[in-house]
Structure formats: structure tokens, C-alpha cells
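Chemist: Mind folding the following:
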Amino acid sequence: KDKGQWTLLCLAAGNGHKTVVKLLLDTGKVNLNREELRTTPGYKAIVKVLFDTSKVDAGTKDENRQTALHQAAIIGYKVVVQLLLDTNKVNASTKDENRQTALHRAAENRHKAVIKLLLDIGKVDVDMKDGDRRTALYSARNRHKAVVKLFLDTGKVDANAKDGARRTALHLAAENRHEAVIKSMAYSYCREPGSTGELGSTALHWAAAYRHKAVVKLLLDTSKVDADLKDRARWTALYWAAANRHEAVVKLL
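Modeler: Numbers count the residues shown, from 1 in each chain. Below you'll find the model as predicted:
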């Protein structure tokens, strides 16, 4: 390293010296996981040189069954994601040990640029489900309004898809009090905001049980939910609100 803590590889990559980059990589003594490599403008050149050699299999999986595409999506390296896709040697729909695709990983980490890139290539099934039978849209539960909007705006996403517990993304958004996400989904994209999960509960039941007054009001204002619907325990949303001593929600219902 020099005084600025830059290795020879960083300097060569940062100045666009691809031949030097290749020579250094050929030594087999370079640590490509160093943080300073990832932040240098030449990191793209390093990755490209690696892909251009016959030594790298872009589809190789690690111990978590993740490919380089998964890792780039998790971290949000749009340039590397693009390079991987450009090789035409990676399957964008490959799943890891949790049966999640690169799109799932990018969504849960809120990397909009990577999500848009993966959606734009048209080679990814946006409704592909993971081990919990959840699509990438379920990132809604993490308050990712902009991410949810990206998916919904494609017009290719099933906003009514259900997971292994027969809950929709709207159910989870209601449980977690994500008002902006609920407003976007319930008014414009969900055909049945009153759909039930495996326990017979609707998004309204969840919102009432968790004392989310604003969410309850949003759902009621859609005029698409049945406030008198009973779950498998024969409880309505009103019963849940009363049981949890939420006077404001009780008054709404």
C-alpha cells in the first residue's frame, strides 16, 4: 500500500490500466474482497477482466447457494449486476438456500437501481416465490414504499399473491403499520384488500389487533373491506380492537 492505503491493484484499476490489472490478478495473490477495491472507480474494470478470463464461472454458488449476482444485488452494486447480466452466463432467476432470487435480495435491501435493472431485462419472473412462498413484493413489510411502487408500476406483479400462510403483502403491511404502502396497494392494486389468510384474518383484523388506528381508517376508507367479517376464532376486527383495549379503533369500527 502507498500512504493513501491504495494497493497496486487499486491504482491500476483506478487509472484504467487493464493490462496491469490482468497481470496482478494472474498472480493469484490479490484479495478481491478488500473494501477499498469496491469503492475505487476501477472496480468495474477489475470485475470485467475477471469475467473476460476463462477462470471465472459467473454462475458458481457459495455455501449459501448464492451466486455473484445474489451478492451484487445484496450489496447494491448496480455496475457489477449489469456486467454479470451482460455475460449472458448467469440465470437471473437462480435461487439461494432460502429460495430467494437476486430480485428478492435487492428488494429486501432497498436497492432501487438494481431492482429496476433486474426488472427491465425482462428475464426475471417478478412473482417467483421464496421458501416462505413470498414474492419480492413482500418487501412491503419493511416500509419500502419506493420499492413497492417500482414493482407495482411494472404492471406485471400480482399484488394479491399469497404466501405459505395465505397472507398477502397487504396483510404484512397492515400488521407492521406501513400506511403509505397500504394506501398505494389497497386503493389501486389489490383486487381484494379484504382477502383472508389461513386463520381467516384480513388485513383489517391484523391492523385492529395491533392497534394501528391510521391503518384501520385507511382500509375502511377503501370501502372494499367487510368490517363484520369473522376469522376462524369467530372474531371480527372490532372484537380484536376491544380485546386489546384500543378505544380509538373501537370507535372507528
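Chemist: Going by C-alpha atoms from here, please, whenever you check contacts or count neighbours.
Modeler: Will do.
Chemist: in stretch 151-164, what's buried?
Modeler: 151-152, 157-163 (16 or more other CA atoms under 10 Å).
Chemist: Which ones among these map onto helices?
Modeler: 151-152 (DSSP state H).
Chemist: what about the host helix or strand of L23, average pLDDT?
Modeler: Assigned by DSSP states H and E, L23 falls within helix 18-26. Mean pLDDT, helix 18-26: 75.
Chemist: Does anything pack onto it? Which helices or strands?
Modeler: helix 8-14, helix 43-52 (3 or more CA pairs under 8 Å, 6 or more residues apart in numbering; DSSP states H and E).
Chemist: ok, back up a step: out of the buried residues of stretch 151-164, which comes closest to D57?
Modeler: Closest approach to D57 among these (CA to CA): F151, at 30.1 Å.
Chemist: Give me the contacts around whichever helix or strand K149 is part of.
Modeler: Using DSSP H and E, the element containing K149 is helix 145-152. The contact list for helix 145-152 (CA atoms under 8 Å, 6 or more residues apart in numbering) reads 107, 110, 112, 115-116, 137, 139-140, 157, 159, 180-181, 184, 189.
Chemist: Buried ones in it, by neighbour count?
Modeler: Applying 16+ other CA under 10 Å to helix 145-152 flags 145, 147-148, 150-152 as buried.
Chemist: What is the distance between it and the centre of its chain?
Modeler: Remark: helix 145-152 is offset 10 Å from the chain centroid, using CA atoms, centre = their mean, to the nearest Å.
Chemist: quick one: the next helix or strand after it to chain centroid distance?
Modeler: Going down the chain from helix 145-152, the next helix or strand is helix 169-175, by DSSP H and E. Centroid separation between helix 169-175 and its chain, computed with CA atoms, centre = their mean, is 15 Å.
Chemist: Check stretch 67-81 too.
Modeler: Centroid separation for stretch 67-81 versus its chain: 13 Å, with CA atoms, centre = their mean.
Chemist: buried set for that stretch?
Modeler: Here stretch 67-81 shows 67-74, 76-81 as buried, counting by 16+ other CA under 10 Å.
Chemist: Residues contacting it, please?
Modeler: Under the contact criterion CA under 8 Å, 6+ apart, stretch 67-81 has outside partners 44, 47, 58-61, 84, 90, 92, 96, 101-103, 105-106, 109, 111, 113-114, 117.
Chemist: I'm done for today, thanks for sticking with me.
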